[in-house]
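A.B. asks: Here you go, sequence then predicted model.
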Amino acid sequence: MMHMSVPQTMADPTRLHIIELLRGGEQSVNDIVENVDIDQSGVSRHLRILQQAGFVRVRPEGQKRLYSLCPQPFRDLDSWLSQYRQLWEGRLDKFGQALSHQRNARTITAQKTKSRR
Amino acid sequence: MNEKVNNGPDPKAVIERMYPASIEDVWELWTTEQGIESWWGPDGFSVKVHRLDLRPGGEMRYDMTAVDPAQIQFMKRAGMPLTTQANLTFTAIVPLKSIAYTHRADFIPGVEPYDVGNKVEFFAEGNYVRMILTLDPMHSDEWTQRAVMGMESQLGKLARVVGHRDPN
């Protein structure tokens, strides 16, 4: 169940920082706390949000809880961005065609006006 | 026609094109119903503009209808209507220079709709117009995370790296 949208989840600089840290592989809360500017309760809160949004998963190892990234939200975002780009590439091709039609139509009108004279 | 895709640290997604045309002709295609209908529809779709209120806070409302047989078949199979309504809200208009608007991004499965800011700018260069489109995270509430766009080029890579490690 997604509580925040993908862009909302990534909107926070601390969460983005945590994601960057986890790119290197799984880490415990303590490892993460050492590398960010907020305390453990703050880190735990962000990790919970990331987990709820499907960005990270957690597994216990002894006393530790190890966090790692899940690929799906990144795939979704990546595919969303390529869809956006694809949409616009198609549109801009049509835009170019529409411009030539516009120009041709004008030329024909101009020629007709000329020949009428 | 030349095209540049910006994947640098710039926080925005940028698409750029050059057209052999005048600024006036380009502007007309962006600001008249007939002009917009001639190109706005994605491949396989036609567009009918119902409302075009070209001022900050004004709306453009339009219908998009699947017209291409393959697209029609796809929509039917997916149980989606052939015509969908859409709208966008203009946020800034500078005649012959730029247009900014937001629209709801509601086509991503599993992701709740949210507003995305867009801007298009026109620059006359000799007999050409350079048209620069920017997906602008700063102009929409939930896209304030500049980093997302900056990470764009890395995302595919990241997905593959993480996916590779994923035992599933």
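C.D. replies: Received, thanks.
A.B. asks: mind listing the helices for chain B?
C.D. replies: B:23-31, B:33-37, B:69-77, B:146-150, B:152-165 (DSSP state H).
A.B. asks: Which of those comes out lowest on mean pLDDT?
C.D. replies: Mean pLDDT values for the helices of chain B show the minimum at helix B:146-150, a mean of 40.
A.B. asks: where does the chain dip in pLDDT?
C.D. replies: Just going to use chain A. Within chain A, the stretches with pLDDT under 70 are A:1-8, A:11, A:77-78, A:80, A:116-117.
A.B. asks: sorry, should have said chain B
C.D. replies: B:1-12, B:105-114, B:136-168.
A.B. asks: Strands of that one, start to end?
C.D. replies: Ranges of strands in chain B, per DSSP state E, are B:3-5, B:13-19, B:45-52, B:59-66, B:83-94, B:98-105, B:114-125, B:128-136.
A.B. asks: My guess is B:Arg61 contacts B:His50. True?
C.D. replies: Yes - B:Arg61 lies in contact with B:His50 (CB atoms under 8 Å); the separation is 4.8 Å. In this view, the C-beta of every residue, glycine as well, is placed from N, C-alpha and C.
A.B. asks: now the strands for chain A?
C.D. replies: With DSSP E as the criterion, chain A has strands spanning A:27-28, A:56-61, A:64-69.
A.B. asks: a markdown table for these, including distance to A:Asp39 and mean neighbour count?
C.D. replies: Shown next, in a markdown table, are these (distance: least, CB to CB, whole Å; neighbours: other CB atoms under 10 Å in any protein chain shown):
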| stretch | distance to A:Asp39 | mean neighbour count |
| --- | --- | --- |
| strand A:27-28 | 15 | 17 |
| strand A:56-61 | 19 | 13 |
| strand A:64-69 | 17 | 18 |
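A.B. asks: In a markdown table, list these along with distance to B:Tyr128.
C.D. replies: What follows is the strands of chain A, written out as a markdown table (distance: least, CB to CB, whole Å):
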| stretch | distance to B:Tyr128 |
| --- | --- |
| strand A:27-28 | 51 |
| strand A:56-61 | 48 |
| strand A:64-69 | 44 |
